[in-house]
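>>> Need coordinates for the below:
(3 chains)
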Amino acid sequence: MPELPEVEVTRLSFADRIAGAQILAVRLGKPLRWPLHGDPEALTGRCVLGVRRRGKYLLVDLDQGLLLLHLGMSGSLSFSLHPTEPGKHDHFDLRTSQGVLRLNDPRRFGAVVLVSGEEDAVAQKLLGKLGMEPLDAGFDPLRFRQGLLQRKAPIKQVLLAGDVVVGVGNIYASEVLFLAGIRPTTPAMRLSRPRVKKLHQAICDVLARAVKRGGSTLQNFSNADGEAGHFQLDAMVYGRGGMECKVCATPIRAIRQGQRTTFFCAKCQKT
DNA sequence: AAAAGCCCCTGGATGC
DNA sequence: TGCATCCAGGGGCTTT
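Modelled structure (predicted):
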């Protein structure tokens, strides 16, 4: 479910309210993608300093240690004072003095990992190879192009891989390439400077706009308050296989790239 | 080093 | 209504 905008909207919806809270107890449901790594009992008594984001990971800073959260494909967080009884897909509760942070994740591709800090070997394994943050000032067209020039793989797959730029998931990858007029199969290294600049612009615009609107609600995204996003991502190509391109009426094509579906318009996206 | 496949898991939609 | 099949927003790991 969550690409960068959804993760960021989730963060914004509870970061201020959980900051300063003391952890009272932890409840674990079914196993998630990885074990917690640390002792859940040891979390009790620690304090939450704040919540940051790196790519699609949320980093919950503690006065001692760091909690890494990932929502996987189907995860969502809620933060509430009086939570309901845990449901069958509620697999992690962090009970604090200021509310309960709960991870609901039917498919359990998500994760909660307790590490000592960002330099921790386990944390490095997960965060160490992440690319540039698309909403940060450090993400500029020149550095972006430098990253792409090393890669012969199709641009769509390079975007998804997240080692050049993070946060662009399967939906936004198709959308962003459509806006930039770039064919998803084009080798990343073959993109000219002006086309990389256009792609850079599209990534910045689309992601920033989605965060501002509260995340897309393509299916059922909701933030940690349980509010649905206000932004019906009105997709130009994603999920529109066989339908007419909104610009030129050519049928949108759906192809398979690395076990994921890509959508594009063969006329608007030449190479 | 980079690229291509595999796999983790559940649920909803579709087709017979 | 029941059952099989396919597909889904991610990404680490193993193999080429």
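>>> use CA for all of it now, contacts and neighbours both
Fine.
>>> which residues does A:Thr261 bridge with?
On the basis of DSSP bridges, A:Thr261 is bridged to A:Arg256.
>>> Quick check, it in contact with A:Ile255.
Yes: at 5.7 Å, A:Thr261 and A:Ile255 qualify as touching, with contact defined as Cα atoms under 8 Å.
>>> Let me see the backbone angles for A:Arg53.
Dihedral pair for A:Arg53: phi -130, psi 140, per degrees, to the nearest 10.
>>> Contacts only, for it.
Remark: with contacts taken as Cα atoms under 8 Å, 6 or more residues apart in numbering, A:Arg53 is in contact with A:Val7, A:Glu8, A:Arg11, A:Leu59.
>>> Show me which of these is closest to A:Leu159.
Using Cα to Cα, A:Val7 is the member of the contacts of A:Arg53 that lies nearest A:Leu159, at 17.3 Å.
>>> which stretch of helix or strand covers A:Phe139?
Using DSSP states H and E, A:Phe139 maps to neither a helix nor a strand.
>>> And it, its phi and psi?
Torsion angles, degrees, to the nearest 10, at A:Phe139: phi -90, psi 90.
>>> Check A:Ser76 too.
Here A:Ser76 shows phi and psi, under degrees, to the nearest 10, equal to phi -150, psi 150.
>>> pull the CA atoms of the longest helix along chain A into PDB?
For chain A, the helix that runs over the most residues, judged by DSSP state H, is helix A:193-212. Output of helix A:193-212 as PDB, limited to C-alpha atoms (Å, rounded to 0.1, in the frame of the first residue of the first chain):
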ATOM      1  CA  ARG A 193      20.400  15.400 -19.500                       C
ATOM      2  CA  PRO A 194      17.100  17.300 -20.300                       C
ATOM      3  CA  ARG A 195      15.100  14.100 -20.000                       C
ATOM      4  CA  VAL A 196      16.600  13.300 -16.600                       C
ATOM      5  CA  LYS A 197      15.800  16.900 -15.500                       C
ATOM      6  CA  LYS A 198      12.200  16.400 -16.600                       C
ATOM      7  CA  LEU A 199      12.000  13.100 -14.700                       C
ATOM      8  CA  HIS A 200      13.600  14.700 -11.600                       C
ATOM      9  CA  GLN A 201      10.900  17.400 -11.800                       C
ATOM     10  CA  ALA A 202       8.100  14.900 -12.200                       C
ATOM     11  CA  ILE A 203       9.300  12.900  -9.100                       C
ATOM     12  CA  CYS A 204       9.500  16.000  -7.000                       C
ATOM     13  CA  ASP A 205       6.200  17.400  -8.100                       C
ATOM     14  CA  VAL A 206       4.200  14.200  -7.800                       C
ATOM     15  CA  LEU A 207       5.500  13.100  -4.400                       C
ATOM     16  CA  ALA A 208       5.400  16.500  -2.800                       C
ATOM     17  CA  ARG A 209       1.800  17.000  -4.100                       C
ATOM     18  CA  ALA A 210       0.700  13.600  -2.800                       C
ATOM     19  CA  VAL A 211       2.100  14.400   0.700                       C
ATOM     20  CA  LYS A 212       0.300  17.700   0.700                       C
END
